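In: model this:
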Amino acid sequence: MKKFKIFAVLALAAFAICGLSQTVFAAQHLGSGKTHLLVSPTKQRVSIEPGTSYKGSFEVHNAGQEDFSYTVYATPYTVIDDQYNVSYDKKNEYSYIADWVTFSQTEGHLDPDEEQVINFTVDVPSDAPGGGQYAAFMVETADTRDQHNIGVINRVGMVFYASVSGTTNRCAKIINNDVNGFLFAPPITATSLVENCGNVHGDIEYTLKVWPLFSNEEIYTNEENPDTKIILPGTRRFATTSWDSAPALGLYWVEHTVKIFDQSITTSKLVIIIPLWLIILIAAFIIAVVFHLVSRHRARKNEKMEKASSKND
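Out: Residues are numbered from 1 along each chain as shown. Take a look at the predicted model:
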């Protein structure tokens, strides 16, 4: 117990000295309730030309109760696995753009409910490769203190998706598209894995349709507003599409469509939703019936044997 307490104190001290780093790309609370840093917009998509300069801007807003100072910088934006976890340190051929960016200011100070516009310039080299380039424009507060007096560094960012003119290749593979056919409880789900084998980003669309087993009338579809996720070149993306409000019991025909670039694959499957307690109840009923039938069979057999024995006597 003493070793655990010592370890906890050392860990707390390390956090207090080094600070905690948090990064988000949405308008949400980051700090202690008094520090609330926002960036708008959270993403931009642009087309740029080699040998030219692209100018843009974004806003930094203090929506909290205390003033703070901040710094601005650019980092690579790369994906490290098919769950689409992101790295801001790892570089590849699609993150050169982080070195092409300059900002109108790299430091600032905001009072509560104050906002400032940050202008940026992307100087595209004349020999820039065609295809996608990706960076995150970060805004980071100075070291602040939370309610436990632990140092916290709040960081938000805008993702910058750029398409550089030149030799581009739109290539994608839908590796897997499957519907879960047996469920103990909602939601009805479908999973898919898509690979981007080209050098430009694209949008994957996921459409889910559900019909009752004995009806042609859809009870759910997101066809008018399909789920959409971006996929970067040289990556794979795993995704789950779901109908969260599905009934807890039933038989349904489910159709899931994955679309990327000019490719589209549809999977259809019969889906059974049956609660575990109902399976146990049915199993118990079957066992009881079997036990009853076996018992009756044995009773009759014993009765016949007794009758035969009495005749022989």
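In: Domain parsing of the protein, as residue ranges.
Out: As recorded under automatic domain parsing, the domains making up the chain are 2-164, 172-273.
In: closest one to residue 290 among those?
Out: Residue 290 lies closest, by CB to CB, to one member of these: domain 172-273, at 23.3 Å. Backbone N, C-alpha and C define where each C-beta goes, glycine included.
In: pLDDT averaged over that closest one - what is it?
Out: Summarised as a single mean, pLDDT over domain 172-273 is 96.
In: What is the end-to-end distance of it?
Out: According to CA to CA, to the nearest Å, domain 172-273 extends 33 Å from its N-terminal end residue to its C-terminal end residue.
In: So which residues of the stretch 101-250 of the chain form strands?
Out: Read by DSSP state E, counting those that start in this stretch, the stretch 101-250 of the chain holds these strands, from start to end of the chain: 101-103, 107-110, 115-123, 131-141, 144-145, 151-164, 172-179, 182-183, 188-196, 202-212, 220-221, 227-231, 236-243, 250-260.
In: okay if I get those strands as CSV plus distance to residue 310 and mean neighbour count?
Out: What follows is the strands of the stretch 101-250 of the chain, written out as CSV (distance: least, CB to CB, whole Å; neighbours: other CB atoms under 10 Å):
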stretch, distance to residue 310, mean neighbour count
strand 101-103, 103, 16
strand 107-110, 103, 15
strand 115-123, 103, 15
strand 131-141, 93, 23
strand 144-145, 96, 18
strand 151-164, 91, 21
strand 172-179, 64, 16
strand 182-183, 54, 14
strand 188-196, 63, 21
strand 202-212, 60, 18
strand 220-221, 68, 16
strand 227-231, 77, 16
strand 236-243, 67, 18
strand 250-260, 55, 20
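In: Among the ones you listed, which comes closest to residue 295?
Out: strand 182-183 (33.0 Å).
In: Let me have the strands of the stretch 101-250 of the chain in TSV, adding distance to residue 51 as columns.
Out: TSV is the format used below for the strands of the stretch 101-250 of the chain (distance: least, CB to CB, whole Å):
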stretch	distance to residue 51
strand 101-103	16
strand 107-110	30
strand 115-123	9
strand 131-141	14
strand 144-145	42
strand 151-164	11
strand 172-179	29
strand 182-183	55
strand 188-196	27
strand 202-212	25
strand 220-221	47
strand 227-231	27
strand 236-243	32
strand 250-260	31
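In: how about TSV for the domains of the chain, with distance to residue 283 added?
Out: Shown next, in TSV, are the domains of the chain (distance: least, CB to CB, whole Å):
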stretch	distance to residue 283
domain 2-164	36
domain 172-273	14
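In: and stretch 81-99, how far from the chain's centre?
Out: Mean C-alpha position of stretch 81-99 versus that of the full chain (CA atoms, centre = their mean, to the nearest Å) differs by 17 Å.
In: Go through that stretch and flag the buried ones.
Out: Residues of stretch 81-99 classed as buried: 84, 86, 88, 94-98 (neighbour count, 16 or more other CB atoms under 10 Å).
In: cool, and stretch 259-277?
Out: Judged by neighbour count using 16+ other CB under 10 Å, the buried positions of stretch 259-277 are 259-260, 271, 273-274.
In: and which of these is nearest residue 108?
Out: For these, with residue 108 as the reference and CB to CB as the criterion, the closest is residue 260, at 39.8 Å.
In: That closest one contacts residue 231, correct?
Out: Yes: because the distance of 7.1 Å satisfies CB atoms under 8 Å, residue 260 is recorded as touching residue 231.
In: Could you pull out the residues contacting both of these two?
Out: Between them, residue 260 and residue 231 share these contacting residues under CB atoms under 8 Å, 6 or more residues apart in numbering: 172, 194, 196, 202-204.
In: nearest to residue 159, of those?
Out: When the shared contacts of residue 260 and residue 231 are compared for distance to residue 159 (CB to CB), residue 203 comes out closest, at 14.1 Å.
In: surely the closest one meets residue 239?
Out: No: assessed by CB under 8 Å, residue 203 is found out of contact with residue 239, at 11.9 Å.
In: Common neighbours of those two, please.
Out: Taking CB under 8 Å, 6+ apart as the contact rule, residue 203 and residue 239 both touch residue 229.
In: contacting residues around residue 201?
Out: If you count contacts by CB under 8 Å, 6+ apart, residue 201 has them with 132, 134, 161, 163, 230-233.
In: can you list those in JSON lines and add distance to residue 61?
Out: As requested, these are arranged in JSON lines below (distance: CB to CB, whole Å):
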{"residue": "132", "distance to residue 61": "29"}
{"residue": "134", "distance to residue 61": "24"}
{"residue": "161", "distance to residue 61": "22"}
{"residue": "163", "distance to residue 61": "28"}
{"residue": "230", "distance to residue 61": "25"}
{"residue": "231", "distance to residue 61": "30"}
{"residue": "232", "distance to residue 61": "28"}
{"residue": "233", "distance to residue 61": "32"}
